[in-house]
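>>> I need the structure of the sequence given here:
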Amino acid sequence: MKKNIVLQYSLPLDASFELIASCKSCTSISDHSSRTPVQCIKFAGSSVPISVNLATCYTCGDYKQS
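As a prediction, this is how the structure comes out:
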């Protein structure tokens, strides 16, 4: 039963990562189980990306413009 719950909740998360991956500021997405899996240059202030979480990406909204 727990396995089904994990699979049920992982599908929307995978879709979220695909959506965020289309962002022009996202340089990479690391381990999905990490608290800050997205590497982003927008909030870094330089060309060296920083790690952010999905909530930061949703708040930013740059993924919508890609």
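>>> all contacts plus neighbour counts: C-alpha atoms, from now on.
OK.
>>> Give me the below-cutoff pLDDT ranges for this structure.
The model of the chain has pLDDT under 70 over residues 1-13, 66.
>>> So which residues of it form helices?
Using DSSP state H, the helices of the chain run over residues 2-21, 54-60.
>>> Can you mark which positions in the shortest one are buried?
Within helix 54-60, the residues that count as buried by 16 or more other Cα atoms under 10 Å are 54, 57.
>>> ok now it, how far from the chain's centre?
With Cα atoms, centre = their mean, to the nearest Å as the basis, the distance from the averaged C-alpha position of helix 54-60 to the chain average is 8 Å.
>>> Which secondary structure elements does it sit against?
Counting by 3 or more Cα pairs under 8 Å, 6 or more residues apart in numbering; DSSP states H and E, no packing neighbours are recorded for helix 54-60 among the helices and strands.
>>> what residues does that helix touch?
Identification of contacts with helix 54-60 by Cα atoms under 8 Å, 6 or more residues apart in numbering yields 20, 36-38, 63.
>>> got those residues as a markdown table, with distance to residue 29 and neighbour count columns?
What follows is the contacts of helix 54-60, written out as a markdown table (distance: Cα to Cα, whole Å; neighbours: other Cα atoms under 10 Å):
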| residue | distance to residue 29 | neighbour count |
| --- | --- | --- |
| 20 | 9 | 23 |
| 36 | 9 | 17 |
| 37 | 5 | 18 |
| 38 | 5 | 26 |
| 63 | 14 | 16 |
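>>> Which members of those residues are the farthest-apart pair?
36 and 63 (16.7 Å; Cα to Cα).
>>> How about residue 38, nearest residue that isn't a chain neighbour?
Spatial nearest neighbour of residue 38, excluding adjacent residues (Cα to Cα, 6 or more residues apart in numbering): residue 29 at 4.6 Å.
>>> thinking again about what came up before, which ones among the contacts of helix 54-60 are found in strands?
When the contacts of helix 54-60 are checked against strands using DSSP state E, the ones located there are residue 38.
>>> Verify the stated contact: residue 26 with residue 37.
No. Using Cα atoms under 8 Å, residue 26 is not in contact with residue 37, being 10.5 Å away.
>>> what's the burial count for residue 65?
Neighbour count of residue 65, defined by other Cα atoms under 10 Å: 8.
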